[in-house]
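Novice: Give the three-dimensional model of this entry:
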Amino acid sequence: MMKERYALAKERVGGILTEETVKEPYRDYFQKTAAFLLMLAEVQEKIQGRDWGSLDPEELNEENEKLYQDILPERYGTSYGNPAFAKETLGGTFGPFLSALYSELRGGIVYAFEEQVEFLTILNELFIEVYNSFEQEEPQYQTVRDIFYWYAIDYCEVFAAHRVLEQIDPKCSFAMDIICGSDLSDPKYLYRYGEYISKNEIETAKFIGELPEETVRMMADVYTEGFRKGFVLGNKDLTKKSTVNIRFKLGFERVVKQAIENFQSMGLAPTIYRSGASVLTKRGASRNGYFGGIPNKQFDYDHKDDQMLFLDKHYVERRLEVLKTVYEQNKELAAGFAGPAVMEVFGETPFAPRKKEEALALTKKQEELLLSFDGKASQISNTYMPGDERSFTIISYPVPEIGDQFREIFEEVIRINTLDSDLYLQVQQKMIDALDRGEAVRILGTGTNHTDLTVQLYRLNDPEKETIFENCVADVNIPVGEVFTSPVLQGTNGVLHVSRVYLNGLQYKDLEICFADGMISGYGCKNFADPNVCRDYVKENILFNHETLPLGEFAIGTNTTAYVAGRKYGIEEKYPILIAEKTGPHFAVGDTCYSYSEDTEVYNPDGKEIVARDNEVSILRKGHPEQAYMHCHTDITIPYDELGSITVLCADGNEIPILRDGRFVLPGTEVLNKAFDGLKS
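Specialist: Next up is the predicted model:
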């Protein structure tokens, strides 16, 4: 039946190419979009039984380029995917809407490669229904918006259910089949995913393919062993689990294949799902899952709020109902989910988005609905996949776009990811012993950095058995190098400032956040000329549209080797948070590091229990769980060269300096300063 529907839809789309029943300026839009959908149909037919190994790389590259060329930066100015161009050519009433529709239809690329006929049929029928409404006379805007709305309501079940199953069911094996069934020495395998393949992915695959087997095995071992250690240190039983979710950037398949073998030896079957392709499954401009090159980050940013077309109370209730039903129907699979193992990349040119008034934007009410949905969806998933039974790991490597010294930088990052954990364990314990004596910590910037923040610490009841800070050596967060805690909010006051930072793929200039009793009381940056636009930018992408967030974590990064490498190669601003957070003190806004696991006892290697797992917001889970979690956690790091001092403030009035003028001064930690010798004066 679905094949029949698909055949009928293709035939109808084909007729649109020559019809003149829709007036200009809309006719050009519909005919070009129809041609795109027919191209997807051709691709879907071509890949059935395709012998990928026999194809010419140039032919595959040409096919890939053709699918994505319309939204590449050099052509984006005249693309209907660009809401500014769409508004200019199609008018202010329908331009942004038709641009959002075009963005949704482009998700069909990956469905064609996965041979997901049902999804292709749904997209074609959506397009046809909108097209029909434009025939003869221009429709009312509400008419076409209703079409998209009911598309979201009617097919939420299909898209959302598939998304959940991809996460927990190893039978969803599209990516797994490519990784384990391809000749990974030939980068042609990359084109099998249907993702955009840039020079980055090709060169990464070639580079990884040339590495010695022992190096690949070491990279995989560090990654998978970190995941295993997360269960050990968190007192969680890995033997109860059956699946692990692997997330990575295309090009690293040789390492991922070895990691799959490692996880299987632990009794874990991998699930590997793609970053969301539909507005019904993706969230904003971020990507969660595996993905290839990003054709145009501005395109992603322009369409981050397209769900404004359907986001209302009815949709939220429907989506939550679907989630609960799918989890209930697959509760055994969900219970076996051990957590995500993430392999990040870094080195791309920092992206500073341009905010366009033509792009769709959520209303205030929709922002509140989305936050409410996030909270309730997290509660549902936590019911079937308890947070106190899961763990994670995350590691990061550079990509060729980082520059001509890519190979040298890659080798340096391997070294950073495999530093001597025992050395850091001992040094960081000296630091924790000093911090445990304090009731607060004061952090001051230097030079143009005007940070002045006092962080309140948990009060220990039994210092012989309890500790405030976690001694973090390379387990879940790789590389090694930080001590962290959940601060007490009451009495945590001041200003956090950093001159330049790169968070979740976005760049911030002179980011400033103010705290009053541990809650954000003000914020801004200098990315844009208009302070209001800057404020909105921070609110959308750091506060995730919350009115305020708590300071969920305070940490001191100790990986001076990573800091010096960043300076040596000029890549500090390209570091991912994973590495950047280890190169100075950092402050996370949002949930604590122990969210959904606060009641699980956690111990440092010295045997002391880490008791600072809650704060005044997370403790609300006891009676009001909907108020306890923000569902975000963003680390913001002050680099050593912008740091004046970090001082422990003791109850008796004594002060214990940890760092001064960007150098470690606490006795027993001076060894960390040796790496600074590699800096040019």
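
Novice: any idea how far residue 459 lies from residue 465?
Specialist: With distances defined as C-beta to C-beta, to the nearest Å, the gap from residue 459 to residue 465 amounts to 14 Å. To be clear about C-beta, it is placed using only N, CA and C from the backbone, and glycine gets the same treatment.

Novice: typo on my end, residue 45
Specialist: 67 Å.

Novice: Ok, residue 68 next?
Specialist: Using C-beta to C-beta, we find residue 68 at a distance of 58 Å from residue 465.

Novice: what comes into contact with the helix or strand hosting residue 324?
Specialist: Mapping residue 324 onto the secondary structure by DSSP states H and E places it in helix 313-329. Under the criterion C-beta atoms under 8 Å, 6 or more residues apart in numbering, residues 149, 152-153, 156-157, 160-161, 164-165, 334, 369, 372-373, 376-377, 380-381, 383-384 lie in contact with helix 313-329.

Novice: sorry, back to before: more neighbours: which of residue 68 and residue 465?
Specialist: More neighbours sit around residue 68 than around the other of residue 68 and residue 465, counting by other C-beta atoms under 10 Å; the figures are 20 against 12.

Novice: for the chain, what's the longest strand?
Specialist: Identified as the longest strand of the chain according to DSSP state E is strand 488-503.

Novice: Pull out the buried residues from the following helix or strand past that one.
Specialist: Once strand 488-503 ends, the next helix or strand along the chain (criterion: DSSP H and E) is strand 506-516. By neighbour count, with 16 or more other C-beta atoms under 10 Å as the criterion, the buried positions of strand 506-516 are 506, 507, 508, 510, 511, 512, 513, 514, 515.

Novice: Check stretch 430-450 too.
Specialist: Applying 16+ other C-beta under 10 Å to stretch 430-450 flags 430-446, 449 as buried.

Novice: Assign a three-state SS to the residue nearest to residue 659 when sequence neighbours are not counted, would you?
Specialist: Closest residue in space to residue 659, ignoring its immediate chain neighbours: residue 646 at 4.5 Å, by C-beta to C-beta, 6 or more residues apart in numbering. At residue 646 the chain is in strand, as set by DSSP: H, G, I helix; E, B strand; the rest coil.

Novice: what are the ranges of the strands in the stretch 1-150 of the chain?
Specialist: For the stretch 1-150 of the chain, none of the segments meets the definition of strands by DSSP state E, counting those that start in this stretch.

Novice: pLDDT-wise, which helix or strand of this protein ranks last?
Specialist: Comparing helices and strands within the chain by mean pLDDT, DSSP states H and E singles out helix 625-628 as the least confident, with a mean of 84.

Novice: Which elements pack onto that one?
Specialist: Counting contacts by 3 or more C-beta pairs under 8 Å, 6 or more residues apart in numbering; DSSP states H and E, the secondary-structure elements packed against helix 625-628 are helix 364-384.

Novice: what does the average pLDDT come to for the helix or strand just after the helix it packs on?
Specialist: Tracing the chain C-terminally past helix 364-384 and defining elements by DSSP H and E, one meets strand 393-398 next. Per-residue pLDDT values over strand 393-398 give a mean of 94.

Novice: any idea how far residue 105 lies from residue 571?
Specialist: When distance is defined by C-beta to C-beta, residue 105 is 37 Å away from residue 571.

Novice: scratch that, residue 523 is what I was asking about
Specialist: The gap separating residue 523 from residue 571 is 27 Å, by C-beta to C-beta.

Novice: Residue 209 too?
Specialist: In this structure, residue 209 and residue 571 are 24 Å apart, going by C-beta to C-beta.

Novice: Between those two, which is the more surrounded one?
Specialist: In terms of neighbours (other C-beta under 10 Å), residue 571 is the more surrounded of residue 209 and residue 571; the figures are 20 against 16.

Novice: Start and end of stretch 542-549, how far apart?
Specialist: Between the opening and closing residues of stretch 542-549 there is a gap of 9 Å (C-alpha to C-alpha, to the nearest Å).

Novice: Stretch 195-214 now?
Specialist: With C-alpha to C-alpha as the measure, the ends of stretch 195-214 fall 29 Å from one another.

Novice: OK, contacts around residue 134?
Specialist: For residue 134, the contact set (C-beta under 8 Å, 6+ apart) comprises 22, 23, 26, 30, 144.
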